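>>> here is the input, now give the coordinates:
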Amino acid sequence: MQQIIGGSDGEYRFLEIPDPDAWVMPGVRWGAFEHALTPAFWVSQAWQEGEPEEGFQLCSTLIEEVVTCLLGGHGAPAEVGLAASRRVIEALRFNPAGPHDFSWAEELLKEPLTVRGRQVRYRFASQRAKYLAGTLAGLTHINENGLDDLGLREALCALPGIGPKTASWIVRNRRGSNEVAILDVHIVRACVHMGVFPEGADPARHYFDLERRFLEFCAGTNAKASLIDAVMWAIMRQLDRSLMRLLIDPGTPIAERLPLLQWGEAQCQVVAEHGTIRETTGRESRGAKREALAAARIHA
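This next block holds a predicted model:
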């Protein structure tokens, strides 16, 4: 068994997981938890992170959650998607009766946004405005309380501009669901590296097959899919590209790859020489951490 120790302020917790050579699922071994991007690594990270105290929800209502996830998907950078959704939500709260038609949505999305002190434009504003207007109209026909997790996802997928990934994101956020997976590029890359997904895995073509394998992986590690997905996304998104190549790129010579992510003095020196990792946990404010890990799940 591998034993992981975590805690703070004199309080310690212990987690035992199978040996590195044990199988999580056919073709996938646990690996060592101190080795970056192994199943054991992800389980240990999720265990140390724990579930968000306030849940995964970004907003208090289904409509606002859908707006945030819709405008954050389709390749929009996280910060830009959040800025656009905040503007739309403010407009909805100011005038809940509408009309919330295409012209209204397009005007909101075409006006420049302020992100980190800079003026930026929301990409494909007209197309997203069309999706937004259609989705707001369609949401009036969805009875959220009358649907289970998969039923809610199916209903959301019928709305303009919402596919399985965005719908799964909404369901995970609203309900903390472990029956869905948000398979963006970061999750796919991590799962291909572990052997959970085959090389060339394409969620656009095989979303539900890949989701089934992801959920099987989570069941094999006895970890919640909602939390593994969130932690995996947060860490993969923050890894510096040069460090990513050293960790997992088959094109990098084996002798040059970085095998471990340990935070001892020697390892930190290796990281400093080869790349950087932006901190995703520990010293962020509660609001920023929640945005990064749970709510601001904007897909690249």
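>>> what's the burial count for the closest residue to Leu37 other than its chain neighbours?
Computed as CB to CB, 6 or more residues apart in numbering, the closest residue to Leu37 that is not its neighbour in sequence is His193, at 5.4 Å. To be clear about C-beta, it is placed using only N, CA and C from the backbone, and glycine gets the same treatment. Close neighbours of His193, defined as other CB atoms under 10 Å, add up to 18.
>>> pLDDT weak spots in the stretch 201-300 of the chain?
In the prediction, the stretch 201-300 of the chain carries residues with pLDDT under 70 at positions 240-300.
>>> rerun at 80
When the per-residue scores of the stretch 201-300 of the chain are filtered using pLDDT under 80, the ranges that remain are 239-300.
>>> quick one on the thing from earlier: ok, the residue nearest to Leu37 touching Pro39?
No: applying CB atoms under 8 Å as the test, His193 and Pro39 come out as separate, 10.4 Å apart.
>>> any idea which helix or strand comes after the helix or strand containing Glu216?
Under the criterion DSSP states H and E, the helix or strand holding Glu216 is helix 203-221. Past helix 203-221, heading to the C-terminal end, the next element that is a helix or strand (DSSP H and E) is helix 225-238.
>>> tell me which other helices or strands that following helix touches.
helix 39-49, helix 185-194, helix 203-221 (3 or more CB pairs under 8 Å, 6 or more residues apart in numbering; DSSP states H and E).
>>> Thr135: which of those helices is closest?
helix 203-221 (19.4 Å; CB to CB).
>>> and the angle from the closest one to helix 39-49?
Here helix 203-221 runs at 80 degrees with respect to helix 39-49, directions being taken by axes from the mean of the first three to the mean of the last three CA atoms, to 10 degrees.
>>> returning to that earlier point: send me the helix holding Glu216 as PDB with only the CA atoms.
Extracted C-alpha coordinates of helix 203-221, given in PDB (Å, rounded to 0.1, in the frame of the first residue of the first chain):
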ATOM      1  CA  PRO A 203     -14.900  13.800 -27.500                       C
ATOM      2  CA  ALA A 204     -16.600  15.600 -30.400                       C
ATOM      3  CA  ARG A 205     -17.100  12.100 -32.000                       C
ATOM      4  CA  HIS A 206     -17.200   9.700 -29.000                       C
ATOM      5  CA  TYR A 207     -18.200  11.800 -26.000                       C
ATOM      6  CA  PHE A 208     -20.300   9.200 -24.200                       C
ATOM      7  CA  ASP A 209     -17.900   6.300 -24.800                       C
ATOM      8  CA  LEU A 210     -15.000   8.400 -23.400                       C
ATOM      9  CA  GLU A 211     -17.200   9.600 -20.500                       C
ATOM     10  CA  ARG A 212     -18.000   6.000 -19.700                       C
ATOM     11  CA  ARG A 213     -14.300   5.200 -19.500                       C
ATOM     12  CA  PHE A 214     -13.700   8.300 -17.300                       C
ATOM     13  CA  LEU A 215     -16.400   7.300 -14.900                       C
ATOM     14  CA  GLU A 216     -15.000   3.700 -14.800                       C
ATOM     15  CA  PHE A 217     -11.600   5.200 -13.900                       C
ATOM     16  CA  CYS A 218     -13.100   7.200 -11.100                       C
ATOM     17  CA  ALA A 219     -15.000   4.200  -9.800                       C
ATOM     18  CA  GLY A 220     -11.800   2.200  -9.900                       C
ATOM     19  CA  THR A 221     -10.000   4.700  -7.700                       C
END
